[in-house]
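Enquirer: Got a sequence here, can you build the structure:
(one chain, ligands or ions: 1)
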Amino acid sequence: MAHFEKANSVGEWLDQRLATKELARVIALEYWIPKNINFLWSFGMILATMFMILTISGMFLLMYYKPDTQLAFYSVNYTIMQEVGFGWLFRHIHAVGASIVFLAIYIHMFTGIYYGSYKKGREMIWITGALLLATFSAEGFSGYMLPWGQMSFWAAQVITNLFGAIPVIGPDLVVWIRGNFVVEDATLTRFFALHVLVIPLIIMGVLGAHMYALRIPHVNNQDGEDIDYEAEARKFKAGDRSRSKVMPFWPTFMAEDIFTLAVFLVFFFYLVFYHFGFAMDPINFIPANSMKTPPHIYPEWYFLWSYEVLRGFFFNANMGLAAFGIANAFPFIFPFLDRDTNHVAPMHKRPLMKYWFWAFLFVMIGLTVWGKLPPTGANAWVGFVLSVSWLTLVLIIMPLFSTIEKKRREG
Ligand code: HEM
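Expert: Sure thing, here's the model as predicted:
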């Protein structure tokens, strides 16, 4: 077979068998990225790197962790933190990484919202992104349970209880999820299985779909400009690089990405070494005790906004649960709430939606801050106002403003 004649290098040998040159061409060398983007477009790559860091650090923790209610707390707080060489470092990387990955997710999402990257052909990028948010949330929640401290136990108690509110099947579903009538050993072992195997596998698949969904509509840019990729790529390849509106993924875009990633990692490792406590609740250094409820139960910071939407309707549990359902479904329906979907433009160029954007960001931060406060007295009412504002902004103002904008533009 002429195709497999003697190769002159390892690269050629591999290319004969795996078509590596064609693969590199399709994946990186002729994958065109607009030049008109800023550092915020590097957060996708930052997230992919954080997923790798979490997987590797988690793999080392797994070597000493014991998924047993009698042993879990001590395997983490004593064996890993004190006995195993550098165990503390891997735990800090994993715990800080799990928290900081959500900061990166929210920055990445708000970048997409600001620049309209969920519109016109990019809906599947957004929806696979929403799936990543859901799967990362499940991963964060199941991981938080593993140290089996007081907050692990009580957060699991509160969250699994929520499923009980689903009509008809709710109570049985709670027992099925817990593996018992109460949160205990069976619950811990199944959340362990989900955390270390099932959810990471799902994340990897969805991540592949997210990357694939980018190929046809291409990455958006700061002006929402519809670029003629073929013409611009031809210009670039003909040597007219400075006038072309695009650059290849490798090496140009990657060089920019790696720079932003390096800055992010400096910040990340600063937290790992000097402020690791911010990712660990002090109450979770007390072993789980089913007989002693902590005075105030709250989830990790990245769930606080939706938790506050739930608590905002403190006078009616069903209303709170309905609002919480909307908060969780919201990332999936978001692209369809913007009624001006064919016009891609950044928020500062949208006459009404720019006010919506800043109000929305403000309310999300407000919900996150109030979600951590005890829901009593004035706090409860502030929570109510914030929850109602959130629902109004998402369900009424966004479709209304975008419809008015569309009519004015076309009108
Ligand atoms: C959690 C893991 C995630 C990873 C690893 C990831 C990765 C990436 C990468 C590498 C890109 C291309 C470069 C860039 O624009 O940054 C991208 C783009 C995008 N992602 Fe994600 N993403 C994640 C989560 C999300 C979430 C939660 C959403 C929204 C719900 C989302 C929505 C988008 C959108 C709309 C784009 C297109 C941006 C554009 O065209 O300008 N992603 N993502």
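Enquirer: Only C-alpha atoms from now on, for both contacts and neighbour counts.
Expert: Fine.
Enquirer: Let me know the secondary structure of P375.
Expert: coil (DSSP: H, G, I helix; E, B strand; the rest coil).
Enquirer: wait, what's in contact with it?
Expert: Contacts here follow Cα atoms under 8 Å, 6 or more residues apart in numbering; on that basis P375 touches 311, 383.
Enquirer: Also the one 10 residues further on?
Expert: By Cα under 8 Å, 6+ apart, the contact set of V385 is G312.
Enquirer: Could you report the distance from it to L393?
Expert: 12 Å (Cα to Cα, to the nearest Å).
Enquirer: thought N36 was touching N220?
Expert: No. Using Cα atoms under 8 Å as the test, N36 is too far from N220 to be in contact (9.0 Å).
Enquirer: And those two? Which one has more around it.
Expert: N220 (25 against 14; other Cα atoms under 10 Å).
Enquirer: could you list every residue that touches that one?
Expert: Taking Cα under 8 Å, 6+ apart, one finds 34, 115, 117 in contact with N220.
Enquirer: Now restrict those to buried residues only.
Expert: Listed as buried from those are 34, 115, 117; burial here means 16 or more other Cα atoms under 10 Å.
Enquirer: On the pLDDT front, check the last one for me.
Expert: To tie it back to what came earlier, the one meant is S117. What the model reports as pLDDT for S117 is 98.
Enquirer: Next: the first one.
Expert: If you check P34, the pLDDT there is 97.
Enquirer: residues contacting D228?
Expert: Contacts of D228 (Cα under 8 Å, 6+ apart): none.
Enquirer: what about it, distance to the ligand?
Expert: 15 Å (Cα to the nearest ligand atom, to the nearest Å).
Enquirer: thinking again about what came up before, and the ligand, which of the contacts of N220 contact it?
Expert: With Cα under 6 Å from any ligand atom as the criterion, those include S117 near the ligand.
Enquirer: Sort out for me which of the contacts of N220 are in helices.
Expert: Y115 (DSSP state H).
Enquirer: Going by distance to the ligand, which of the contacts of N220 wins?
Expert: S117 (4.7 Å; Cα to the nearest ligand atom).
Enquirer: and the nearest residue to that closest one once chain neighbours are set aside, which of the three is it?
Expert: The shortest distance from S117 to any non-neighbouring residue, by Cα to Cα, 6 or more residues apart in numbering, is to N220 (5.8 Å). The three-state assignment at N220 reads coil, by three-state DSSP.
Enquirer: Starting from L321, give me the distance back to N220.
Expert: Taking Cα to Cα, one finds N220 at 36 Å from L321.
Enquirer: and the chain, what are its domains?
Expert: If you go by automatic domain parsing, the domain ranges for the chain are 31-292, 298-411.
Enquirer: now those domains in CSV, with distance to D15?
Expert: Converted to CSV, the domains of the chain look like this (distance: least, Cα to Cα, whole Å):
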stretch, distance to D15
domain 31-292, 19
domain 298-411, 40
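Enquirer: Break down the stretch 101-250 of the chain into its strands, ranges please.
Expert: In order along the chain, the stretch 101-250 of the chain carries the following strands (DSSP state E, counting those that start in this stretch): 246-248.
Enquirer: Return the distance of the one helix or strand V369 maps to from the chain's centre.
Expert: Take DSSP states H and E as the rule and V369 turns out to sit in helix 353-371. Relative to its chain's centre, helix 353-371 lies at 18 Å (Cα atoms, centre = their mean, to the nearest Å).
Enquirer: Could I get the average pLDDT for that helix?
Expert: 98.
Enquirer: outside of it, which residues touch it?
Expert: 114, 298, 301-309, 347-348, 379, 382-383, 386-387, 389-390, 393, 397-398, 401-402.
Enquirer: which of those count as buried?
Expert: Of those, these count as buried by 16+ other Cα under 10 Å: 114, 298, 301-309, 347, 382-383, 386-387, 389-390, 393, 397-398, 401-402.
Enquirer: sec struct for the residue nearest to R350 when sequence neighbours are not counted, please.
Expert: Spatial nearest neighbour of R350, excluding adjacent residues (Cα to Cα, 6+ apart): E405 at 7.6 Å. Each residue gets one of three states, and E405 gets helix by three-state DSSP.
Enquirer: measure E405 to M353 for me?
Expert: 8 Å.
Enquirer: More neighbours: those two, which one.
Expert: More crowded of E405 and M353, by other Cα under 10 Å: M353, with 23 against 19.
Enquirer: Up against the ligand, what does the protein have?
Expert: 41-45, 47-48, 105, 109, 112, 117-118, 125-126, 129-130, 132-133, 219-221, 331.
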